[in-house]
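*Asks:* Got a sequence here, can you build the structure:
(4 chains)
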2 protein chains.
Amino acid sequence: MTVPAYRRERARLPAAQRRRQIMEATAELIAERGFWGLSMQDVADRCGLTVPGLLHHVGSKDGLLVAVLEHRDAEDARSLAAQLGIGDLTAPWAGGALPPGVDLRRMCAALVRRNAGQPEIVRLFAVLEAESLAPSHPAHDYFAARQEHTLAVFAALAKDVTAEPHALARQLMAMMDGLQIQWLRSPQTNDLVQAWEDAAELLFADR
Amino acid sequence: MTVPAYRRERARLPAAQRRRQIMEATAELIAERGFWGLSMQDVADRCGLTVPGLLHHVGSKDGLLVAVLEHRDAEDARSLAAQLGIGDLTAPWAGGALPPGVDLRRMCAALVRRNAGQPEIVRLFAVLEAESLAPSHPAHDYFAARQEHTLAVFAALAKDVTAEPHALARQLMAMMDGLQIQWLRSPQTNDLVQAWEDAAELLFADR
DNA sequence: GACGTTACCTAGCACCTAGTAGGTAGTAGC
DNA sequence: GCTACTACCTACTAGGTGCTAGGTAACGTC
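*Replies:* Next up is the predicted model:
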């Protein structure tokens, strides 16, 4: 009664497609449990693979995390560019200069509108943002750079609006993050876009 | 060559003292790795006991978490009351009515000033706040109630300041949370109290 | 000095963790 | 149809997970 050594019932996918599937499954799971609470087993299960099968694609758990972050940033840059009607913006925080004709208030509104449509992604970033405060977290440097760059972009755009662009940039970012958390906690009693517009009214009042 | 079955070299502490030690160690570790990333072993090590020794005091991992949260809330209520010069405020969010003569702006300032002195505690709450967005998180209900109550207290106080107290309450909370995260990420280039005063100037401008 | 309480221990259970070594089979190019 | 590649597997390691059962010794009370 020998058991056949190798019985395949799972699908074999081309690498790119499998990778995309892995990125999405991982994003959901990190949003749910954070990176410290993430297990390779869970990701593998959700993709219909074994753990070594998963590791074949991402190398290690840390590798998986950075892959997810890069994947999300690429996706976000594309979508934000589309929503702002800009052609080939590489990334609002990744690239250098911003295309002309983008004003800060409209950009923030676009960001918020986009986020309002993808709560799971927002949650992913909210959880990682907090977790990665610890210097030992594998995404620590990534999030530090991300915050710095976002602030720089905001501040550059804020020069047209106020005499204290850095302060405004920080306030905008803080308000966005904070309102998002409230919204994630009770989405039904909390309209993110409306809350942001109310806040923007104040933050962009003539100063 | 029989080994003596039971050799004690560790200190034996009265329960209350040991509990306090456990609460503090746990708070630090959760701030570092979140609750999902917390291990009973780490807590036990830091307190100089074994895992079952630790479990003797807290029952289970979930029990440990709620104990820490209750401990922190009690501590915070006491300290905030002192800073506001109020006698026996049970807790700004736990109790019902607020003592008269407390105005919202001063209360927020007191909160921020206090938080600026205990970054590790702020980080503890920031991490748990995000983690506990997941309904399966053991602190989910706790943080939902906490947010709701804080908003209610803020809104009640905001009635004296604006025609839209709920909106202001949400904005204040969002701004505080957001600025705190920025501050935690780079404390040296980021004065929390100053940042808050700048923001408060705007949020409390006549509306 | 005996007695009950309690702070804390050892031993062990059933299970999960990330990661490795080495093999198998589906696929694409010739 | 052969070959090279690669997507994915089985089997395993070494260690960590929360938690339980049951015992031991330090303590307060009488």
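*Asks:* Name the helix or strand for the closest residue to A:Ala195 other than its chain neighbours, please.
*Replies:* The shortest distance from A:Ala195 to any non-neighbouring residue, by Cβ to Cβ, 6 or more residues apart in numbering or on different chains, is to A:Leu179 (5.0 Å). Quick note: C-beta positions are derived from backbone N, CA and C, even for glycine. Using DSSP states H and E, A:Leu179 falls within helix A:165-185.
*Asks:* ok, now how distant is the residue nearest the centre of chain A from A:Ala27?
*Replies:* Centroid-nearest residue in chain A, with Cα atoms, centre = their mean: A:Phe125, separated by 4.9 Å. A:Phe125 sits 10 Å away from A:Ala27, going by Cβ to Cβ, to the nearest Å.
*Asks:* what do those two both touch?
*Replies:* A:Arg72 (Cβ atoms under 8 Å, 6 or more residues apart in numbering or on different chains).
*Asks:* that older thread, contacting residues for the residue nearest to the centre of chain A?
*Replies:* A:Arg72.
*Asks:* going on from the helix or strand hosting it, what's the next piece of helix or strand?
*Replies:* In the assignment (DSSP H and E), A:Phe125 maps to helix A:119-131. Proceeding N to C from helix A:119-131, the next assigned helix or strand is helix A:140-158, under DSSP H and E.
*Asks:* mean confidence score for that next one?
*Replies:* Averaged across helix A:140-158, the pLDDT comes to 95.
*Asks:* Give the other helices and strands that it contacts.
*Replies:* Applying 3 or more Cβ pairs under 8 Å, 6 or more residues apart in numbering or on different chains; DSSP states H and E, we find helix A:140-158 packed against helix A:104-116, helix A:165-185, helix B:165-185.
*Asks:* which regions of chain A sit below the pLDDT cut-off?
*Replies:* Flagging of chain A using pLDDT under 70 yields the residue ranges A:1-9, A:86-101, A:207.
*Asks:* So for stretch A:40-59, what gets flagged as buried?
*Replies:* Across stretch A:40-59, burial judged by 16 or more other Cβ atoms under 10 Å in any protein chain shown covers A:Met40, A:Asp42, A:Val43, A:Ala44, A:Arg46, A:Cys47, A:Leu49, A:Leu54, A:Leu55, A:His57, A:Val58.
*Asks:* Of the residues you listed, just say which sits nearest to chain B.
*Replies:* Among these, A:Asp42 lies closest to chain B (Cβ to the nearest Cβ), at 12.0 Å.
*Asks:* How about that closest one, nearest residue that isn't a chain neighbour?
*Replies:* Of all residues not flanking A:Asp42 in the chain, A:Leu29 sits nearest, at 5.6 Å (Cβ to Cβ, 6+ apart).
*Asks:* Report the secondary structure state of the one you found.
*Replies:* Three-state call for A:Leu29 (DSSP: H, G, I helix; E, B strand; the rest coil): helix.
*Asks:* right, and A:Trp196 touches A:Ala109 too?
*Replies:* Yes. Using Cβ atoms under 8 Å, A:Trp196 is in contact with A:Ala109, at 7.1 Å.
*Asks:* Please say which of the two ends up with more neighbours.
*Replies:* Neighbours were counted for A:Trp196 and for A:Ala109 using other Cβ atoms under 10 Å in any protein chain shown; A:Trp196 has more, 25 against 17.
*Asks:* Let me see the contact set for the more buried one.
*Replies:* A:Cys108, A:Ala109, A:Val112, A:Met175, A:Met176, A:Leu179.
*Asks:* Now chain A against DNA strand D: closest residue?
*Replies:* Residue of chain A nearest DNA strand D, by Cβ to the nearest atom of the strand: A:Gly53 (2.3 Å).
*Asks:* Name the nearest residue to that residue, sequence neighbours excluded.
*Replies:* According to Cβ to Cβ, 6+ apart, the nearest residue to A:Gly53 is A:Ala44 (6.5 Å).
*Asks:* so does whatever helix or strand the one you found lives in get close to DNA strand C?
*Replies:* Assigned by DSSP H and E, A:Ala44 falls within helix A:40-47. Yes. Helix A:40-47 reaches DNA strand C (Cβ under 7 Å from any atom of the strand) through A:Met40, A:Gln41, A:Asp42.
*Asks:* thought the second one was touching A:Val51?
*Replies:* Read it as A:Gln41. Yes. Between A:Gln41 and A:Val51 a contact is recorded at 5.8 Å, counting by Cβ under 8 Å.
*Asks:* For A:Leu133, what are phi and psi?
*Replies:* For A:Leu133, the backbone dihedrals are phi -60, psi -30 (criterion: degrees, to the nearest 10).
*Asks:* Spatially nearest residue to it (excluding sequence neighbours)?
*Replies:* Per Cβ to Cβ, 6+ apart, closest to A:Leu133 is B:Leu184, 5.2 Å.
*Asks:* was I right about A:Pro165 contacting A:Ala155?
*Replies:* Yes. Using Cβ under 8 Å, A:Pro165 makes contact with A:Ala155 at a distance of 4.5 Å.
*Asks:* if we can go back for a sec, helices or strands up against the helix holding A:Leu179?
*Replies:* Secondary elements touching helix A:165-185 (3+ Cβ pairs under 8 Å, 6+ apart): helix A:104-116, helix A:119-131, helix A:140-158, helix A:192-203, helix B:140-158, helix B:165-185, helix B:192-203.
*Asks:* now the fourth one against helix B:165-185, angle please.
*Replies:* Read that as helix A:192-203. Here the directions of helix A:192-203 and helix B:165-185 differ by 80 degrees (axes from the mean of the first three to the mean of the last three Cα atoms, to 10 degrees).
*Asks:* again with the third one
*Replies:* Helix A:140-158 runs at 120 degrees relative to helix B:165-185, counting by the same axes, to 10 degrees.
*Asks:* The last one too?
*Replies:* Computed with the same axes, to 10 degrees, the direction of helix B:192-203 lies at 150 degrees from that of helix B:165-185.
*Asks:* what comes up buried for helix B:192-203?
*Replies:* By neighbour count on 16+ other Cβ under 10 Å, the buried set for helix B:192-203 is B:Leu192, B:Ala195, B:Trp196, B:Asp198, B:Ala199, B:Ala200, B:Leu202, B:Leu203.
*Asks:* before we move on, what about the longest one?
*Replies:* By neighbour count, with 16+ other Cβ under 10 Å as the criterion, the buried positions of helix B:165-185 are B:165, B:167-185.
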